[in-house]
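Undergrad: quick one: sequence plus predicted model below, questions after.
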Amino acid sequence: MNLAVKNISFPKARGFTLIELIVATAILVILTGMALPMARVTIKGAFQAKVGTEGYPPDLETLVNGVDVNGKKVRFLRRIPVDPMTGTNEWGLRSMADDPTSDSWGGQNVFDVYTKSQGTALDGTPYKDW
């Protein structure tokens with residue numbers, strides 16, 4: 001029996017191979033993974049620059065009077081709380097720009113409040129350091 005082998009010609013393949021597609025996809029995933037964290041930092045920095053106070057109020061009265069958000073007044077406190085050590089509503093204030101050990105307020109924003117009492121606790125620490 002004589003089997004003749006036909007000369008079958010395949011058309012020239014066009015397109016990408018599977019390996020080329022995998023490599024291209026891997027490169028895109030790596031580039032996207034590097035770009036997303038930088039985009040998040042940029043967006044957060046732009047928002048903070050827009051706010052200008054790192055998100056802290058300019059003074060305690062702003063927390064009582066409220067701020068306008070999308071046309072609505074948002075209030076955070078009904079009143080400034082009474083300092084239990086002095087019995088008044090006068091507080092020592094610190095901003096983000098102030099030195100942590102400073103007793104004077106720079107006036108940029110209110111990051112921290114502390115008592116103005118000169119008393120000390122039983123363990124000897126000043127009340128204002130609590």
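TA: Looks like it came in fine. Numbers count the residues shown, from 1 in each chain.
Undergrad: okay, now the nearest residue to Gly92 once chain neighbours are set aside: neighbour count?
TA: In space, Gly92 comes closest to Tyr114 once its chain neighbours are excluded; the distance is 4.5 Å by C-beta to C-beta, 6 or more residues apart in numbering. Glycine gets a C-beta too; all of them are placed from N, C-alpha and C. Tyr114 has 17 neighbours, counted by other C-beta atoms under 10 Å.
Undergrad: and the gap between Tyr114 and Met85?
TA: Applying C-beta to C-beta, to the nearest Å, the value for Tyr114 to Met85 is 10 Å.
Undergrad: any idea how far stretch 15-25 is from the middle of the chain?
TA: Centroid separation for stretch 15-25 versus its chain: 39 Å, with C-alpha atoms, centre = their mean, to the nearest Å.
Undergrad: just the CA atoms of that stretch, as PDB, please.
TA: What follows is stretch 15-25, C-alpha atoms only, in PDB (Å, rounded to 0.1, in the frame of the first residue of the first chain):
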ATOM      1  CA  GLY A  15      -1.100  37.700  15.900                       C
ATOM      2  CA  PHE A  16       0.600  37.400  19.300                       C
ATOM      3  CA  THR A  17       1.800  34.300  21.000                       C
ATOM      4  CA  LEU A  18       0.500  33.500  24.400                       C
ATOM      5  CA  ILE A  19       3.900  34.300  26.000                       C
ATOM      6  CA  GLU A  20       3.900  37.800  24.500                       C
ATOM      7  CA  LEU A  21       0.400  38.400  25.900                       C
ATOM      8  CA  ILE A  22       1.400  37.200  29.300                       C
ATOM      9  CA  VAL A  23       4.600  39.400  29.400                       C
ATOM     10  CA  ALA A  24       2.700  42.500  28.200                       C
ATOM     11  CA  THR A  25       0.000  41.900  30.900                       C
END
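Undergrad: select the longest helix from the protein.
TA: In the chain, with assignment by DSSP state H, the single longest helix is helix 18-51.
Undergrad: Thr101 and Arg79, how far apart?
TA: 29 Å.
Undergrad: which residue is nearest the middle of this structure?
TA: Computing the C-alpha centroid of the chain and ranking residues by C-alpha atoms, centre = their mean puts Lys44 first, at 6.0 Å.
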